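A.B. asks: okay, predicted coordinates and the sequence, questions at the end:
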Amino acid sequence: MTASLIDGKAFAATVREHVASLVAGVKAEHRITPGLAVVLVGEDPASQVYVRNKGIQTVEAGMASFEHKLPTGTSEADLLAMIARLNADPKVHGILVQLPLPGHIDPDLVINSIAPAKDVDGFHVSNVGLVSTGQKAMVPCTPLGCLMLLRDHLGSLSGLNAVVVGRSNIVGKPMAQLLLKDSATVTIAHSRSRDLPEICRRADILVAAVGRPEMIHGDWIRLGATVIDVGINRIERDGKTRLVGDVDFASTAQVAGAITPVPGGVGPMTIACLLANTLTACCRAHGLPEPEGLTA
Ligand SMILES: Nc1nc2c(c(=O)[nH]1)N[C@@H](CN(C=O)c1ccc(C(=O)N[C@@H](CCC(=O)O)C(=O)O)cc1)CN2
C-alpha cells in the first residue's frame, strides 16, 4: 500500500478562508474587529518566524494583530503586568504568549494569568478542565487542527482505535481528550511505554507527538492506518538541515492508508486554528452566535 497524503497546507488555507469570510460578516454586521495579541519574549529564531507568520495571517483574515516583542531579560512581573493590560483591553479578544519562554519565567504562572475567555491557545488550566470534561472551551490549536484533518479524512471516528504517542499538556493530553469526545477508543503512550511498537500496531489512528525525529517506523503501523505526524524536528542529514516528523515517512507511507507530511501537514493547521479560536473568542465575548465548524 502507498498512503494517500493528507494535505494540511491546503486544508489550512480553506480554514483561513472560512475564518476570513466570517470575520468580514462580523465586521460588516456588528462593526466589531476580532483582535489577537501575540507576546514574544526573547529572540528564539523559530519563535520569531512563527510570531511573524501569526501576525501576517491574522491581518490576512481581516483581524487586528497586536504584536508585543519583549527583550529576553524581561522580568516575570513585567510580563504579568502586560498580560493584565491585554486582559482588560476590549480590542483584544485573543492573547497568546509564544512558547518556549526564557528559563527565568514560569510558563504555568504566565499562561494561567491570561483571562480564560481570551486564552486562544487553550493552555489555561480552566480550559484544560473544560476540554477534559467535554464542555465549551478554548481548544488547543494543534490538537484541534489534527481533529479537523481526521474528521475530514475519515468522517466519523466513532469506535476506532486511536493511539496518541506523547503526553505533553500542549498536544498529547488534549488530543486524547478530543479523540475520546469523538468516541474513539483512546490509548496514550509515550517514549517509555513498554511494547510501544505493539501498542502502535493496534491503531486505526496514530497521532505521533513524541518529539523524537523519525522514531516511529513502518513496521509499527497497522495496514491502512491513518497517521498524523505532529513532530517538527530539525536534523542534519547529508550536510543539510532538514525538517522531519516523529514518523519515518518513507517506511510508514508503504503501510499506512493516509499520512500527514512534515512540513505541510499539521504545522499549518496550528495557525489556522489560532485564527479560528480568535474569532470564536470574539463571538463569545460579544454574545454573537458561535462560528460553525471551527471548534471541537
Ligand atoms: N503559545 C504557543 N507556542 C507554541 C505553539 C503554540 O501552539 N502556541 N506551537 C509551537 C510553534 N508553532 C506555533 O506557535 C508552530 C509550529 C510550526 C508551524 C508550521 O507551520 N510548521 C511548518 C514548518 C515550518 C518550518 O519550516 O519551520 C510545517 O509543519 O509545515 C506553525 C506554528 C511551539 N510554540
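C.D. replies: All right, it came through fine. Numbers count the residues shown, from 1 in each chain.
A.B. asks: does the helix or strand in which residue 180 is found come close to the ligand?
C.D. replies: Assigned by DSSP states H and E, residue 180 belongs to helix 172-181. No: using Cβ under 6 Å from any ligand atom, helix 172-181 stays clear of the ligand, coming no nearer than 11.0 Å. Every C-beta, even on glycine, is put in place using the N, C-alpha and C of the backbone.
A.B. asks: can I get that helix in CSV? Just the C-alpha atoms.
C.D. replies: This file holds the C-alpha atoms of helix 172-181, laid out as CSV (Å, rounded to 0.1, in the frame of the first residue of the first chain):
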residue,chain,number,x,y,z
GLY,A,172,-0.8,14.6,23.7
LYS,A,173,-3.2,15.0,26.6
PRO,A,174,-5.7,17.4,24.8
MET,A,175,-5.5,15.3,21.6
ALA,A,176,-6.5,12.2,23.6
GLN,A,177,-9.5,14.1,25.2
LEU,A,178,-10.7,15.3,21.8
LEU,A,179,-10.5,11.8,20.3
LEU,A,180,-12.4,10.4,23.2
LYS,A,181,-15.1,13.1,22.8
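A.B. asks: which helices and strands sit right next to that helix?
C.D. replies: Contact here means 3 or more Cβ pairs under 8 Å, 6 or more residues apart in numbering; DSSP states H and E; on that basis helix 172-181 packs against helix 125-132, helix 141-154, strand 161-165, strand 185-189, strand 205-208.
A.B. asks: count of neighbours near whichever residue of the chain sits closest to the ligand?
C.D. replies: Nearest residue of the chain to the ligand (Cβ to the nearest ligand atom) works out as residue 267 at 2.1 Å. Residue 267 has 23 neighbours, counted by other Cβ atoms under 10 Å.
A.B. asks: what's the helix or strand hosting it packed up against?
C.D. replies: If you go by DSSP H and E, residue 267 is part of helix 266-285. In terms of contacts (3+ Cβ pairs under 8 Å, 6+ apart), helix 266-285 is packed against helix 8-30, strand 35-41, helix 45-60, strand 94-97, helix 141-154.
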